[in-house]
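Asker: requesting a structural model of the entry that follows:
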Amino acid sequence: MIDLLFWPLLVTLLFAPPWLLWRRAERLGWLSRYALALLPVGVTWLGWQWGIWAFEHFDCQGNTKGLHDCLSNGQDMTAWVGRALFLSVPMMFIGLPLSGWFLIDTLVRHLGHLTSRE
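Answerer: Residues are numbered from 1 along each chain as shown. Modelled structure (predicted):
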């Protein structure tokens with residue numbers, strides 16, 4: 001069940017903030033706009049950090065026979081740890097440019113708003 005939630009959650013966290021910034025930016029405050037611009041790269045970075053922590057915490061290293069526990073309360077965490085570590089690299093190629101583009105766009109709009117007010 002948890003595995004089914006992974007992809008929709010990832011897609012939502014990566015692509016909902018840019019959609020909100022593109023369609024509803026004028027209704028949001030500047031702090032909200034900056035937070036939404038940084039959310040795709042932030043989610044990618046947090047997934048990477050969680051993967052590193054979980055790899056060590058859940059004892060996913062294995063042993064000489066290639067067996068590992070990687071359990072949390074009886075649930076196998078191998079899929080989540082693997083996705084967090086593996087997908088963090090390709091997602092950086094999506095999340096980082098996406099966040100960079102929207103952060104620069106938000107900054108330019110903010111500066112334009114400040115100069116047009118004066």
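Asker: excluding covalently adjacent residues, which one is nearest to the residue nearest to the spatial centre of the chain?
Answerer: Nearest to the geometric centre of the chain sits residue 43, at 1.8 Å (Cα atoms, centre = their mean). Excluding the flanking residues, the one nearest residue 43 by Cβ to Cβ, 6 or more residues apart in numbering is residue 13, at 4.5 Å. C-betas here are computed from N, CA, C, even on glycine.
Asker: now the strands for this structure?
Answerer: Remark: strands assigned in the chain by DSSP state E are 71-72, 75-76.
Asker: pLDDT below threshold where in this protein?
Answerer: Applying pLDDT under 70 to the chain flags the ranges 1-3, 62-68, 118.
Asker: just checking, what's the longest helix in it?
Answerer: In the chain, with assignment by DSSP state H, the single longest helix is helix 78-117.
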